[in-house]
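**Q** Based on what follows, work out the 3D shape:
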Amino acid sequence: MIRLQQLMGADRPRRHASIILAAAVAAIMQPGLAIGQTAIQPRTLGAANQAPPLPASPQIPVTAVPVPDSTVRQATQQANGNFTEMKRGAFGGQVQEAWDKAPPTAGTHQSELCDNCSYKVRLREFMVTVIELPRGEKISAYDNGDPQSFEVKQRGDNRLAVKPIGGYGIDSNLVVYGKSGNIYPLYLRAEGYNSKNVPDLRFVIEGAVRVDNAGALDDFPAGTAGKDSGHPAGGDKTSAAGANPALSLAAMAEARAAAGAASSTSAQPGTAGKGDFVASKPFDPDKLRGWGQYKLWGNGDDLKPETVFRDDYFTYVRFGDKFKSIELPTAYVVVDGIDEVVNTRVQGTTFVIESTQRLISLKSGKSYLCIQYGGQG
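**A** Numbers count the residues shown, from 1 in each chain. Next up is the predicted model:
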């Protein structure tokens, strides 16, 4: 018996360890029991000593949001100042190929002043178009039909800059009010970069008007070109530089010859215009003469006109339909064996040379044309 008790006593630590391990496993298997707690219920207290039950805690679901590896990587790099390179610039492939073979005169459109006309202006996205009103006009105000799609800014007394800002494939109108009393209705159309049409970079309304109480602004004496002049293909050209001055399309007043060649100023004979050094001459259609009395020769047909005639003051070279396709020339006369530049102007399709020398030469690049008068007087 003693031997049995000794054997049982010797085995007691191992049994205790087994009991503790079993209790730990049971606590893990039963939810709500922490390690170290037992499943044995506490003794029942008396009614007086029994604590009130605790209110049940609300079950708040917790959702774990995974953090992307890319965010962790970027945050780690940026914390050390390592930011990625930023690429800038627009993509290519937006060059307007209509310009590749366009002539030098492309981009400039000339329209005759008309009392009952509207003017159609072709615009292009990402490009600015300058609209020039007739010489002598001053802009009083203008109304833009669609300010959200077209930007309009005044750039001088008679110039407006128009730019599409709403994309392409849209249109609207622009109404310009001149101090002369004229109203200029313009239709605006914006085309895309891939349009087959060359846009109007410069839209010119030819002619001249008078502004009341400001002098005879429609009377332009000979040789007045100023900053507003310019060849349709090549920008400003002034007589001070010895080039062709009055390719400004605003030459003389409204009197025209029956042949449609030119118009002249209404200033008194021999009186010089304001700020000018050349006297104006009256236009008399009865003085026109010389048809068929000019001998022409040169190195090609580029500058060959339809007809040439003259009056007492000017020589008129009418190009007709060829006018819009040629580079207008510079006129020269020979003085003391030296070529000297002569003032010129344009009226319609007629090139007006302010000289009645019997021999006048026209030069444009490598092309030249000699005009020799063979008539009497």
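**Q** CA only for contacts and neighbour counts going forward, please
**A** OK.
**Q** For Gly167, give its distance to Val352.
**A** Separation of Gly167 from Val352 (Cα to Cα, to the nearest Å): 42 Å.
**Q** Any regions of the protein where pLDDT drops low?
**A** Where the chain drops to pLDDT under 70, the residues are 1-63, 88-91, 212-283.
**Q** can you pull out the helices in the stretch 251-377 of the chain?
**A** When assigned using DSSP state H, counting those that start in this stretch, the stretch 251-377 of the chain turns out to have no helices.
**Q** Now do the contacts for Gln357.
**A** Val333 (Cα atoms under 8 Å, 6 or more residues apart in numbering).
**Q** Begin at 407, not 1, for the rest of this chat.
**A** Done: numbering now begins at 407, and the last item shifts to Gln763.
**Q** which one is Val581 nearest to, not counting chain neighbours?
**A** For Val581, ignoring the flanking residues on the chain, the nearest one in space by Cα to Cα, 6 or more residues apart in numbering is Pro591 at 4.5 Å.
**Q** Assign that neighbour to helix, strand or coil.
**A** Secondary structure, DSSP: H, G, I helix; E, B strand; the rest coil: Pro591 is strand.
**Q** Gly551 versus that one, what's the distance?
**A** Relative to Gly551, Pro591 is positioned 11 Å away (criterion: Cα to Cα).
**Q** out of Gly573 and Val758, which sits in the busier spot?
**A** Between Gly573 and Val758, Val758 has the larger neighbour count (other Cα atoms under 10 Å), namely 26 against 14.
**Q** Verify the stated contact: that one with Thr736.
**A** No - Val758 sits out of contact with Thr736 when judged by Cα atoms under 8 Å, with a separation of 11.1 Å.
**Q** what sits in contact with each of these two?
**A** Common contact partners of Val758 and Thr736 (Cα under 8 Å, 6+ apart): Thr750.
**Q** Just give the number of residues close to Pro605.
**A** Quick note: Pro605 (other Cα under 10 Å) scores 28 neighbours.
**Q** need the contact list for it.
**A** Neighbour list for Pro605: Gly513, Arg528, Leu529, Arg530 [criterion: Cα under 8 Å, 6+ apart].
**Q** now Leu592
**A** By Cα under 8 Å, 6+ apart, the contact list for Leu592 reads Ser524, Tyr525, Lys526, Val527, Asn579, Leu580, Val581, Val582.
**Q** can you put those in a markdown table and add distance to Gly743, neighbour count and secondary structure?
**A** Formatted as a markdown table, the contacts of Leu592 follow (distance: Cα to Cα, whole Å; neighbours: other Cα atoms under 10 Å; DSSP: H, G, I helix; E, B strand; the rest coil):
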| residue | distance to Gly743 | neighbour count | secondary structure |
| --- | --- | --- | --- |
| Ser524 | 50 | 16 | coil |
| Tyr525 | 47 | 19 | strand |
| Lys526 | 48 | 16 | strand |
| Val527 | 47 | 21 | strand |
| Asn579 | 55 | 19 | strand |
| Leu580 | 53 | 21 | strand |
| Val581 | 53 | 16 | strand |
| Val582 | 50 | 20 | strand |
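**Q** For the stretch 557-706 of the chain, which segments count as strands?
**A** 565-570, 576-584, 589-597, 608-612, 700-704 (DSSP state E, counting those that start in this stretch).
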